[in-house]
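Participant: need a structure here:
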Amino acid sequence: MENLHTNYMGSSSEREDEEKDYTNGSNQEPGWESDESSESFELRRLFEHELNGIYCIEGTLMRQLPDLIKYVTLPALLDTLTDHLHITYKHVVRLQEIHDVLGIEVKERECEIIKSILREAQETIEQSSKGIVRDIVAILAEKKIEQYEISIYDTLYAYAMILGERKVAFMLNQNLEDEKKADLDLTEVLASYVDPTRNNK
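Facilitator: Sure, this is the predicted structure:
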């Protein structure tokens, strides 16, 4: 399965190498959509819809995450979430750039899924005492969001490659790799509760 995924999607290093390709030529390659079929039109329309969706997800997270961060007590978790908040801002800017590259309008709206995850976490936290319980609830909420974003970015990358939008694919992959790292960072913080010596490494 790993080989199949690598052959179809490319490894992380192969994705990074693509920047050299599109910067030396056209942003778009002739591809599956060049036949101008109804299917290619529908795929591009779906791609643009989901692209605006991830923009709204990142925007909502950027606005709502500070309300969760204020309950965190573990310094390592506070640093991790604060760093991710800064990265989320960069993602919003990059997604705006992608919309500009594609010549499509950004449609601002709140993502109810993200709001629901964070609202549920905040309600649980407010009913809990300060300390480990609140921190783990915050980690769970953020990891839910990370996995959600990773699945969307991974699929959007595939859409972009199918449509021949290699520059956009590269930019989406940058966000994807950031989300994967953030998820791993949260896993490390969670592991520190099992093995407290990890905080000292």
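
Participant: just give me the neighbour total for Leu65.
Facilitator: 21 (other CB atoms under 10 Å). C-beta: built from backbone N, CA, C; applies to glycine.

Participant: just use 34 as the starting number from now, easier for me
Facilitator: Let's use 34 as the start, then, which means that last one is Leu98.

Participant: so which strand or helix has it?
Facilitator: Secondary structure assignment for Leu98, by DSSP states H and E: helix 71-102.

Participant: could you give me the buried positions within that helix?
Facilitator: Residues of helix 71-102 classed as buried by neighbour count (16 or more other CB atoms under 10 Å): 73, 76-77, 80-81, 84-95, 97-98, 101-102.

Participant: so how far is Leu94 from Cys144?
Facilitator: 8 Å (CB to CB, to the nearest Å).

Participant: let me know the pLDDT of the residue most central in space within the chain.
Facilitator: Nearest to the centroid of the C-alpha atoms of the chain, with distances taken as CA atoms, centre = their mean, sits Glu182, at 4.0 Å. You'll see Glu182 listed with a pLDDT of 98.

Participant: does it touch Tyr88 like I think?
Facilitator: No: counting by CB atoms under 8 Å, Glu182 stays clear of Tyr88, with 11.5 Å between them.

Participant: now the helices for this protein?
Facilitator: With helices called from DSSP state H, the chain shows them at 35-42, 45-56, 71-102, 108-135, 145-159, 165-195, 199-227.

Participant: list the buried residues of the last one.
Facilitator: Same thing as helix 199-227. Quick answer for helix 199-227 (16+ other CB under 10 Å): 199-206, 208-209, 211-213, 215-216, 218-219, 222-223, 225.

Participant: now it and helix 71-102, what's the angle there?
Facilitator: 30 degrees (axes from the mean of the first three to the mean of the last three CA atoms, to 10 degrees).

Participant: what do you get for the fifth one?
Facilitator: Interaxial angle of helix 145-159 relative to helix 71-102 (the same axes, to 10 degrees): 20 degrees.

Participant: quick check, distance from helix 145-159 to the centre of its chain.
Facilitator: 19 Å (CA atoms, centre = their mean, to the nearest Å).

Participant: repeat that for the third one.
Facilitator: Taking CA atoms, centre = their mean, one finds the center of helix 71-102 at 10 Å from the center of the full chain.

Participant: what's that helix packed up against?
Facilitator: If you count contacts as 3 or more CB pairs under 8 Å, 6 or more residues apart in numbering; DSSP states H and E, helix 71-102 packs onto helix 108-135, helix 145-159, helix 165-195.

Participant: please identify the most buried of the ones you listed.
Facilitator: helix 165-195 (a mean of 19; mean count of other CB atoms under 10 Å).

Participant: which strands and helices lie in contact with that one?
Facilitator: helix 35-42, helix 71-102, helix 108-135, helix 145-159, helix 199-227.

Participant: minimum distance to Ile172: which of those helices has it?
Facilitator: In terms of CB to CB, the element of the helices and strands packed on helix 165-195 nearest to Ile172 is helix 199-227, at 5.4 Å.

Participant: give me the contact list for stretch 108-117.
Facilitator: By CB atoms under 8 Å, 6 or more residues apart in numbering, the surrounding residues in contact with stretch 108-117 are 98, 101-102, 105, 168, 171-172, 175, 215, 218-219, 222, 225, 232.
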